[in-house]
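J.: Sequence and predicted model, in that order:
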Amino acid sequence: MTRPWRTFVMISIGVFASLLDLFIVNVAFPDLQREFAGSGLAELSWVLNGYAIVFAALLVPAGRLADLYGRKRSFVAGLSLFVLASAACAAAPSVAVLIAARVLQGAGAAILTPSSLGVVLPAFAPQRRPAVIAAWAAVGAVGAAAGPPLGGLLVQASWRWVFLVNLPLGLLSIWYAARRLDESREANARGLPDIAGTLALMLGIGALTLALVEGREWGWSAAGTLTAFAVAAAMTAAAVTRSMRHPVPVLELPILRVPSFALAVASAFAFFAAFAALLLAGALFLTQVWGHSILRAGLELAAGPLAALAFAALASRVGPRLGMATIGGIGGLLVAAGIGYNAVRLGLTPDYAGAFLPGQLLTGAGVGLSIPAFTAVAVSAVGPARIATAIGISAMFRQLGAALGVAAFVALVATPTREQAINAYRNGWAFMAAAATIGALLMLATRLSAPPAPTQSAPAPADRQEVPTIG
């Protein structure tokens, strides 16, 4: 293995751990409910959403800090925080402590993610970088999809092992980065990110998630629910307003006005709402409706990641010929088809081979095609000079979609009795199928958007020869 690819693998180990932790906790939910008796699905959903919201809100500011102070330094600092927070999660004595530790984990993941590609790309010749970006995105696809089956194996010892597994992975990546990587930073980077705007965005998304998660129990017209919606609207508006004026905004609005980029991040938002809800739904359905053990459920969920791995490799090979937007659109439609199959075929009587497995294979294939496409399309929309910014914004919208997808699933499904379960889950599956379809159509629409004119925010087409075509 050449040194550039060795560097890619060693850095990807840390990225894999951070993305794995977005979804590995899903399959541990039954154990968490037993460990912390009295905690409902709504409260425990913050173990997922606390991570996703902080991850999303800090991605862009963390990318700016990495450009300013050094990408190697940011990667090592972010991964170190992530590893320490993982240890705190494993030792958590209560749900509140677990949620707080997950928030710190999300902060560490946000710091390491944008800097990870920045420390890897300089090791490769310019003509190899599109393949590196696609491979980096594929690591995310496999890491996210592998969470439930790997979690099913780890919780046989204890649910705490879903966090302890991050320690050796993270420490190995930290050791390599500290010893072997050179420091790099953006020579023209100026100014600190907008901390107030970041906090406003975090509070806005958190309040919206709170309203969706608790609205059923509180009542949709209750004062608490309406207040949460109002805070969400006010804080989001404040974040947008500050982004119009701040020299280093949390939301870089000019880049969002590039049509193909805006469509790509909207597609990622919708798709990840479906994907995050799907992974949680699969683990809960197998364990709570069909009554399967966590180990069995984890093994039954393994077909999806295997399909994702195979089709992510396929996407990197055929994407340059067919266009990554086409590949991503097909992937989103496959995910919707797999969810629709489950909605029609799944019932109270267990039927893994006939009812569950085909949907798993379809959705896994779709995930493998779609997730690499989001990064490729976003980057190609704005050119290589804006790679870090494009990846940071795209990843932010993915995590926002994931947080709101989980919140919507909890609001739609809640905690039904076994007799009510199929109708309740069908509500959730209908939401997921609709979100995946919208994501697919938005991705296909990027083919129709005109390439951006040469501006400071969107470099001329000649600058884009290093990245994959989106058409």
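T.: Received it, and whenever you're ready, just let me know what you need.

J.: So, low pLDDT: which residues of the stretch 201-350 of the chain?
T.: Across the stretch 201-350 of the chain, nothing is flagged by pLDDT under 70.

J.: now the helices for it?
T.: 223-245, 253-256, 259-284, 294-300, 303-322, 324-345 (DSSP state H, counting those that start in this stretch).

J.: Buried residues of the fifth one, list them for me.
T.: Neighbour-count burial for helix 303-322 flags 303-309, 311-313, 315-316, 319 (criterion: 16 or more other CB atoms under 10 Å). Every C-beta, even on glycine, is put in place using the N, C-alpha and C of the backbone.

J.: For residue 248, give me phi and psi.
T.: Its backbone dihedrals place residue 248 at phi -130, psi 80, with angles given as degrees, to the nearest 10.

J.: wait, what's in contact with the nearest residue to residue 69 once chain neighbours are set aside?
T.: Once its chain neighbours are removed from consideration, residue 69 has its nearest residue in residue 185; the separation is 6.8 Å (CB to CB, 6 or more residues apart in numbering). With contacts defined as CB atoms under 8 Å, 6 or more residues apart in numbering, the neighbours of residue 185 are 66, 67, 68, 69, 70, 71.

J.: so how far is residue 220 from the nearest residue to residue 203 once chain neighbours are set aside?
T.: In space, and not counting its chain neighbours, residue 203 is closest to residue 235: 4.4 Å by CB to CB, 6+ apart. The gap separating residue 235 from residue 220 is 20 Å, by CB to CB, to the nearest Å.

J.: which one of these two has more residues nearby?
T.: Neighbours were counted for residue 235 and for residue 220 using other CB atoms under 10 Å; residue 235 has more, 21 against 11.

J.: I'd like the distance from the longest helix anywhere in the chain to the chain centre, please.
T.: Ranked by residue count, the top helix of the chain under DSSP state H comes out as helix 41-69. Relative to its chain's centre, helix 41-69 lies at 10 Å (CA atoms, centre = their mean, to the nearest Å).

J.: by how many degrees do that helix and helix 259-284 diverge?
T.: Between helix 41-69 and helix 259-284, the angle formed by their directions is 140 degrees, by axes from the mean of the first three to the mean of the last three CA atoms, to 10 degrees.

J.: now for helix 41-69, which elements pack on it?
T.: Contact partners of helix 41-69 among helices and strands, from 3 or more CB pairs under 8 Å, 6 or more residues apart in numbering; DSSP states H and E: helix 3-23, helix 29-35, helix 71-90, helix 95-120, helix 195-218, helix 259-284, helix 387-413.

J.: next structured bit after the last one?
T.: Put plainly, it is helix 387-413. Along the chain past helix 387-413, the next helix or strand (assigned with DSSP states H and E) turns out to be helix 421-445.

J.: and the angle for that next one with helix 387-413?
T.: Using the same axes, to 10 degrees: helix 421-445 against helix 387-413 is 150 degrees.

J.: so what does helix 421-445 touch, helix or strand wise?
T.: Counting by 3+ CB pairs under 8 Å, 6+ apart, the elements that helix 421-445 packs against turn out to be helix 259-284, helix 324-345, helix 357-382, helix 387-413.

J.: about what we covered before: so can I have CSV of the helices and strands packed on helix 41-69 showing distance to residue 240 and mean neighbour count?
T.: Compiled in CSV, those are given as follows (distance: least, CB to CB, whole Å; neighbours: other CB atoms under 10 Å):
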stretch, distance to residue 240, mean neighbour count
helix 3-23, 26, 22
helix 29-35, 34, 18
helix 71-90, 26, 23
helix 95-120, 20, 24
helix 195-218, 9, 21
helix 259-284, 14, 27
helix 387-413, 14, 26
